[in-house]
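Trainee: pasting the structure only:
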């Protein structure tokens, strides 16, 4: 049974969430949300918003237990960031029984025969996480660090994006001023020739966003489809360390005016879910590609200088072993002579 205190906590958090969603749809706040979504793409959009509202400068968050496993501890006096955590509860319901012909089964008194059935239900509780700045301890492990920074590993990222794209990716000479397009009828994504590495990556992410969100067949208004695709591209590009300063969402407030809470929530959920899926798949592909590069590098034949150096080291080791054995023989001979 939910206590009054817990219910009050949930109600307060929901009010903060609703307020946060309404405030998000301005140019400045929208980009802040997308930046936060890049950092916390594994969280739901509403938990991402709650983190943003309570601790705008958060960079890495985790629960008390996770920080402990990483040999870090929460600093004394730090206040946790409230978010929603899913829990499964068992609910007992009274269910009317039916006969084989579909009619309701009754007892001798004509009352419906019932049985108690237990079923799992998904509920949410308020829990707390802490930002890394609120903790102290061992340095955090790096996972696939080459994903951050410039597009020095452009070929790896581009190859990974091509692999996760729902449609084949081709290059074309586009004369209409566009950087690319997603063709659902012919199932392809086309990119313009001659773009910079960064622009090619950003455009490809944008078009993959259209493809994965099924915008051509979803019946969504064009403006909503563009917002979802461009916002997805912003999050993924930011995660990959690309410059996102040219992204503009000045039109977002006018578009969102008059929309209800549910519709705005749907848009944010679409953006967050799509970005999370794409980031997870690209990270996995890029890490696999980079490991393959390392294996190929270690398997490459040695250069002449490397071969000579290796031979010299082996010779020195062999000479040292022979000298050691000779010394051992002399010591044995000496001990025998003395004996």
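Mentor: Okay, I see it. All values derive from a computational prediction rather than experimental measurement. Numbering: from 1, shown residues only.
Trainee: helices of the stretch 201-339 of the chain, start to end?
Mentor: Applying DSSP state H, counting those that start in this stretch to the stretch 201-339 of the chain gives helices spanning 215-218, 222-239, 252-256, 261-299, 304-338.
Trainee: in the first one, which residues are buried?
Mentor: Applying a neighbour-count criterion of 16 or more other C-beta atoms under 10 Å, one finds residue 215 buried in helix 215-218. Bear in mind the C-beta positions are built from the backbone N, C-alpha and C, glycine included.
Trainee: what helices and strands are in contact with it?
Mentor: With contacts defined as 3 or more C-beta pairs under 8 Å, 6 or more residues apart in numbering; DSSP states H and E, helix 215-218 has these neighbours: helix 222-239.
Trainee: what packs against the helix it packs on?
Mentor: Judged by 3+ C-beta pairs under 8 Å, 6+ apart, the packing partners of helix 222-239 are helix 27-39, helix 197-212, helix 215-218, helix 252-256, helix 261-299.
Trainee: how about a cut-off of 7 Å?
Mentor: helix 27-39, helix 197-212, helix 252-256, helix 261-299 (3 or more C-beta pairs under 7 Å, 6 or more residues apart in numbering; DSSP states H and E).
Trainee: just the ones you listed: most buried one?
Mentor: Looking across those with neighbours counted as mean count of other C-beta atoms under 10 Å, the highest average goes to helix 197-212: a mean of 22.
Trainee: which residues sit against that one?
Mentor: For helix 197-212, contacts defined as C-beta atoms under 7 Å, 6 or more residues apart in numbering pick out 151, 154, 157-158, 161, 165-167, 169, 179-182, 189, 191, 195, 225, 228-230, 232-233, 236-237, 242-243, 274, 278.
Trainee: am I right that residue 175 falls within a helix?
Mentor: No. According to DSSP: H, G, I helix; E, B strand; the rest coil, residue 175 belongs to no helix; its state is coil.
Trainee: about what we covered before: where among the helices of the stretch 201-339 of the chain is average confidence lowest?
Mentor: The minimum mean pLDDT among the helices of the stretch 201-339 of the chain belongs to helix 304-338 (a mean of 60).
Trainee: which residues of the protein score low on pLDDT?
Mentor: Applying pLDDT under 70 to the chain picks out residues 1-2, 142-152, 296-304, 306-311, 315-339.
Trainee: which stretch among the helices and strands packed on helix 222-239 comes nearest residue 85?
Mentor: helix 261-299 (16.7 Å; C-beta to C-beta).
Trainee: same for that closest one, what does it pack against?
Mentor: Secondary-structure packing of helix 261-299 (3+ C-beta pairs under 7 Å, 6+ apart): helix 4-24, helix 45-54, helix 154-164, helix 197-212, helix 222-239.
Trainee: residue 32: which of these is closest?
Mentor: Of all those, it is helix 45-54 that lies closest to residue 32, at 6.3 Å by C-beta to C-beta.
Trainee: need the contact partners of that closest one.
Mentor: Residues from elsewhere that reach helix 45-54 (C-beta under 7 Å, 6+ apart): 13, 16-17, 20-21, 24, 32-33, 36-37, 40, 58, 61, 81-84, 268-269, 272.
Trainee: C-terminal to that helix, what's the next element?
Mentor: Downstream of helix 45-54, the next assigned helix or strand under DSSP states H and E is strand 61-62.
Trainee: just checking, what packs against that next one?
Mentor: Applying 3+ C-beta pairs under 7 Å, 6+ apart, we find strand 61-62 packed against strand 114-131.
Trainee: residues contacting the next helix or strand after the strand it packs on, please?
Mentor: The element immediately downstream of strand 114-131 (helix or strand, assigned by DSSP H and E) is strand 135-137. Contact partners of strand 135-137, identified using C-beta under 7 Å, 6+ apart, comprise 67, 71-75.
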